[in-house]
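Novice: Test case, fold it:
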Amino acid sequence: MKKGISSTDKVKGLVSDLLRIESLIPPQVETITPEFLALWNTIEKLTSEQRKHVQKKKEPASSEKSIETNIKNFVLWINNNGCKISPKIQVSSGLLEGNGIVATDDIVEDEVLLEINPKVMMTQETALNSKIGQQFSRDPIGRGNSVVFLTLHLIAEKLEEKKSFWAPYINVLPKTFSTPPYWTLKDIEELKGSPTQGECIKIIVNIARTYAYLYQVFVASPVVLTPYSFTWDVFIWGFSCVMTRQNKIPFFNDGTLVNKHEVMLGLIPFWDFFNHTNGKITTFFASTSSGGNTCLCHALKSYHPGEQVYIHYADRPTSDLLLNNGFVFTPNHSNYLKIKFVLRKDDPLFVQKATLLQTEDFTFQFKGNALPAYVMIFLRVSVMNEDELNPYKSEEEKKKIQELSVNTVSERNEKIATNLLLNKLKKQQISYPTTKEQDEELLQKLKHNPPQTQIINILTLRIEEKEILQKSIQLVTNVIEGKVLLKDILEPIPQTETVKGIERKPVESSGESSSATTTTTSACSRGSSSNEVKE
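Specialist: Numbers count the residues shown, from 1 in each chain. From the prediction side, this is the model:
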């Protein structure tokens, strides 16, 4: 690289602009604003300037032969480091999803396919013990945010090239992604009307803020990474690798389980070649009979030779899969649409209602086949008059708020609350510039043209969101018309959830291995819905 070029006043000025402009974008941004457009234009200028002065290595173009060589070296590395791969599976390239795992023999459900030694995993702990860990041991962002910390660790190891222990793994990671940092502005515009657009914008704003901060750190202290090597392209590659592959795993140190109740983020080589399908979690961390620890992956179902072998990442909506993993999966049995409800701040009783609900807004998950368990709590409280609100002033009565999920307040209150819900859903429906039928027609046309993966993914998301809205609107309409009782179309309140106001705290999943020589410690799901990078 031509040192001194990337650190010019022009690049530094653009990085400063990123920090200045992102601070003007409100945290709850939901649509494309002039400030976001200014941020986008600054990112484009920055990447253009950096790419001018980055002398790319003359690497051979990725051919089928070079890909297969990298995969062969990677599998050898895996086998040489205490991992066990079933002879009934192999890595295959050129699949619809890219790389994946294919069966070479008959596989039965629950059969062990992989045993991955923690030694090969890239984790927060290996990051802490690396040069990056030494530089960022007390940094509030570099060390304080686990996603960022793991991203920096991966980038530093990539720049080490063959000297890195993880080089065979890094060489088989994707070179590019279909996650939001790689989208075009037109892609983001195609999300107009969808709640997913706001989530997408927040991801990009947070990445821009984090990159600008870290760039300034490397300008001041170019110990491991430098402003010449730490470009926007390098950062979004590392960030996307981590976001699409991160897992919450037990706390290991040098392959030894330290605390099974404490979790950290980690990348699990080879296991992350599996693609996603509907189902259940079949990967578990376990202690072996010999006193060691391993990551066991079981077959989700039976497979025949030549079939692609899938795992279930986790129960996530299509919007999360698209934003965090860069793909959509249909039909998604775990899909739902997130809709935000907000108390009116001009309501004279706003403070009392916000205090009772312990929030002034809440995002509910609509699935289309039933209404969210807690949506009526929020709506019934939001339309209460003073007389209806008075009984909930005492601390004892406030604790009974969850009963409002099924208990009505008054006939007046119920009528207003139900109509408010219907109007909210209809307003969300007409916020899209196109109808579900128009999206379906366009999707069919695109499928017969040259591949346009990103717009196809977005159209699929829009169609699914609109279908959920149509079904939810019909449910509420049936209630208003007296065709069904509201209590019969509400989701049950989950027994495993702790209710505080209407805040839901999901319990972490766990499971048991069927292997006689192991004792399971925790379940493992791939990817994360935590896409926000915070200071």
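Novice: residue ranges of the strands in the stretch 1-150 of the chain, please?
Specialist: 84-85, 89-95, 98-103, 112-116, 122-123 (DSSP state E, counting those that start in this stretch).
Novice: hmm, who's touching the last one?
Specialist: Right, the one you point to is strand 122-123. With Cβ atoms under 8 Å, 6 or more residues apart in numbering as the contact definition, strand 122-123 has outside contacts at 150, 153-154, 157, 166, 169, 249, 252, 264-267, 269. In short, each C-beta sits where N, CA and C put it, glycine included.
Novice: Run a quick check on residue 250 versus residue 262, I expect a contact.
Specialist: Yes - between residue 250 and residue 262 a contact is recorded at 7.3 Å, counting by Cβ atoms under 8 Å.
Novice: So the two - more neighbours on which side?
Specialist: Neighbours per residue, other Cβ atoms under 10 Å: of residue 250 and residue 262, the larger number sits with residue 250, 23 against 8.
Novice: Just to be sure, the more buried one is in a strand?
Specialist: Yes - assessed by DSSP: H, G, I helix; E, B strand; the rest coil, residue 250 belongs to a strand.
Novice: re earlier: let me have the strands of the stretch 1-150 of the chain in a markdown table, adding distance to residue 431, mean neighbour count and mean pLDDT as columns.
Specialist: Converted to a markdown table, the strands of the stretch 1-150 of the chain look like this (distance: least, Cβ to Cβ, whole Å; neighbours: other Cβ atoms under 10 Å; pLDDT from 0 to 100):
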| stretch | distance to residue 431 | mean neighbour count | mean pLDDT |
| --- | --- | --- | --- |
| strand 84-85 | 48 | 16 | 96 |
| strand 89-95 | 36 | 16 | 91 |
| strand 98-103 | 34 | 18 | 94 |
| strand 112-116 | 44 | 22 | 95 |
| strand 122-123 | 41 | 25 | 94 |
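Novice: will you turn these into a markdown table that also has distance to residue 482?
Specialist: As requested, the strands of the stretch 1-150 of the chain are exported to a markdown table (distance: least, Cβ to Cβ, whole Å):
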| stretch | distance to residue 482 |
| --- | --- |
| strand 84-85 | 60 |
| strand 89-95 | 51 |
| strand 98-103 | 51 |
| strand 112-116 | 53 |
| strand 122-123 | 57 |
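Novice: Tell me which of those sits nearest to residue 185.
Specialist: strand 98-103 (24.9 Å; Cβ to Cβ).
Novice: Just give me how far the closest one sits from the chain centre.
Specialist: Centre-to-centre, strand 98-103 and its host chain are 22 Å apart (Cα atoms, centre = their mean, to the nearest Å).
Novice: Could you check the angle it makes with strand 112-116?
Specialist: Computed by axes from the mean of the first three to the mean of the last three Cα atoms, to 10 degrees, the angle separating strand 98-103 from strand 112-116 equals 120 degrees.
Novice: mind saving the C-alpha coords of strand 98-103 as PDB?
Specialist: In PDB, the C-alpha atoms belonging to strand 98-103 read as follows (Å, rounded to 0.1, in the frame of the first residue of the first chain):
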ATOM      1  CA  GLY A  98     -23.000 -20.600  -2.500                       C
ATOM      2  CA  ASN A  99     -21.100 -23.000  -0.300                       C
ATOM      3  CA  GLY A 100     -22.800 -25.600   1.800                       C
ATOM      4  CA  ILE A 101     -22.800 -29.200   3.200                       C
ATOM      5  CA  VAL A 102     -23.900 -32.100   1.100                       C
ATOM      6  CA  ALA A 103     -24.500 -35.700   2.100                       C
END
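Novice: All further residue positions should be reported with the first residue as 55.
Specialist: Got it, first residue is 55 now, which makes that one strand 152-157.
Novice: So in that sheet, which strands flank that strand, and in what orientation?
Specialist: Here strand 152-157 has these sheet partners by DSSP bridges: strand 143-149 (antiparallel), strand 362-365 (antiparallel).
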